[in-house]
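Colleague: sequence and computational prediction follow.
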Amino acid sequence: MDNSQKFKLYIGALKQYSEREGHCNVPSTHVEKVDNFECSLGPWVGYVRQRYKKNQLSEEKVKALNNLSGWQWGPLKPGPATDVIRNKKIQEMRESGSSLRQIADAFDLSRQRIHQIVRLFE
């Protein structure tokens with residue numbers, strides 16, 4: 001598959017994700033399935049943003065991404081209020097006996113990150 005075809009496949013995956021989720025805030029490890037092909041969408045979004053920041057994306061690719069509803073060029077980080085709410089929910093799940101894996105799956109975060117958050121409350 002050449003780069004042009006791959007870009008079109010990933011744009012399709014991002015569009016599918018955006019239509020389903022209502023945004024383009026793709027988690028860094030997210031994999032999107034399109035036409036029986038698994039697209040590592042999270043890493044691709046990070047890569048595209050890096051290329052854009054270095055002015056290494058063609059105008060055609062920039063336009064294609066700008067046309068997607070919810071697309072933003074900056075890295076997306078949750079605000080402090082979001083983190084506080086999320087972290088409290090994580091702590092509540094841990095206190096109720098949920099495993100790190102269960103919590104990681106629920107929040108689409110790595111177990112290592114969940115462990116770091118849980119340690120904040122110890």
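Modeller: Cool, got the structure.

Colleague: and Lys89, how far from Ser96?
Modeller: The spacing between Lys89 and Ser96, counted by Cβ to Cβ, to the nearest Å, is 11 Å. Every C-beta, even on glycine, is put in place using the N, C-alpha and C of the backbone.

Colleague: who has more neighbours out of the two?
Modeller: Higher neighbour count among Lys89 and Ser96: Lys89, with 13 against 7, using other Cβ atoms under 10 Å.

Colleague: can you tell me the closest non-neighbouring residue to the more buried one?
Modeller: Phe107 (7.9 Å; Cβ to Cβ, 6 or more residues apart in numbering).

Colleague: what's whichever helix in the chain runs longest in contact with?
Modeller: The single longest helix within the chain, with elements called by DSSP state H, is helix 3-21. For helix 3-21, the surrounding residues in contact (Cβ atoms under 8 Å, 6 or more residues apart in numbering) are 1, 24, 26, 30, 32, 34, 37, 39, 41, 44-45, 61, 64-65, 68-71.

Colleague: then it to CSV, C-alphas only?
Modeller: The C-alpha coordinates for helix 3-21 follow below in CSV (Å, rounded to 0.1, in the frame of the first residue of the first chain):
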residue,chain,number,x,y,z
ASN,A,3,1.5,6.4,1.2
SER,A,4,-1.5,8.0,-0.6
GLN,A,5,-3.6,4.9,-0.1
LYS,A,6,-2.6,4.6,3.5
PHE,A,7,-3.4,8.3,4.2
LYS,A,8,-6.9,7.8,2.6
LEU,A,9,-7.4,4.6,4.7
TYR,A,10,-6.5,6.5,8.0
ILE,A,11,-8.6,9.5,7.1
GLY,A,12,-11.5,7.1,6.6
ALA,A,13,-10.7,5.5,10.0
LEU,A,14,-10.5,9.0,11.6
LYS,A,15,-13.8,10.0,10.0
GLN,A,16,-15.4,6.7,11.2
TYR,A,17,-14.1,7.4,14.8
SER,A,18,-15.3,11.0,14.7
GLU,A,19,-18.8,10.1,13.6
ARG,A,20,-19.1,7.4,16.3
GLU,A,21,-17.5,9.3,19.1
